[in-house]
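**Student:** sequence and predicted model, in that order:
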Amino acid sequence: MLAADPGVSITAIAAEAGVDRRTVYRKFASREELLAAIYDARLTDVERVTEEARLREAPVAVALHRYVEGIIGVNRRWPVDLGLMLTHESVRERREHSVRALTDFLRRATDEGLLRSGLPDGWVEAVLPQLMVIASRQLTGLSPAQAADTVVDTLLNGLGAGSGARADAAGGR
């Protein structure tokens, strides 16, 4: 409900959960505390996915797919507005750790030849999360694993019809 309407009332949330709003307030003293618990749960899931993907030691292609599949699952389970999450200092600090792990992994993927070198700094780090968000929201008929197949294929192969199409476009033909 908060993902659909960040201003939704605690009363509406309680009604959707089938409890009285006082029950929600017994667990969470304020709306801010409820949001903090949601953000904490999301970050915990992201940290678990990052660890389980084994970004440092698994073969790069395997780790990439595991990570993307896991994050799509997290995005679907916790569809909160990242912009709102990042207004919380503790959330920003925890998220930075996950961002560094992904950046290091993507550098490894480039060094090992899975991703091409020579792209602008930060480009892949910007594109991959956006692809995962799009897949999480728009490929809802697919399982997280199937959606991850699409994201990884798009990241590694682009949207062109083949290498000839990319070469023609690059050459301006």
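**Tutor:** Looks like it arrived, so ask away. Residues are numbered from 1 along each chain as shown.

**Student:** could you check the pLDDT of the residue nearest to Leu34 when sequence neighbours are not counted?
**Tutor:** Spatial nearest neighbour of Leu34, chain neighbours left out: Phe28 (4.0 Å); criterion: CB to CB, 6 or more residues apart in numbering. For every residue, glycine as well, the C-beta is placed using N, CA and C. Phe28 is assigned 85 on the pLDDT scale.

**Student:** could you do Arg166 as well?
**Tutor:** Taking Arg166 on its own, its pLDDT is 46.

**Student:** what ranges of the chain fall below the confidence cut-off?
**Tutor:** Per-residue confidence of the chain (counting by pLDDT under 70) places the weak regions at 3, 83-88, 162-173.

**Student:** which ones are touching the residue positioned nearest the centre of it?
**Tutor:** Averaging the C-alpha coordinates of the chain gives a centre point, and the residue nearest to it by CA atoms, centre = their mean is Ile71 (4.6 Å). With contacts defined as CB atoms under 8 Å, 6 or more residues apart in numbering, the neighbours of Ile71 are Val46, Val49, Pro129, Met132, Ser136.

**Student:** at 6 Å instead, please
**Tutor:** Val49, Met132 (CB atoms under 6 Å, 6 or more residues apart in numbering).

**Student:** how far away is it from Ala148?
**Tutor:** Here Ile71 is placed at a distance of 9 Å from Ala148 (CB to CB, to the nearest Å).

**Student:** tell me the spacing between the residue nearest to the centre of the chain and Pro144.
**Tutor:** Noted for Ile71: a distance of 9 Å to Pro144, by CB to CB.
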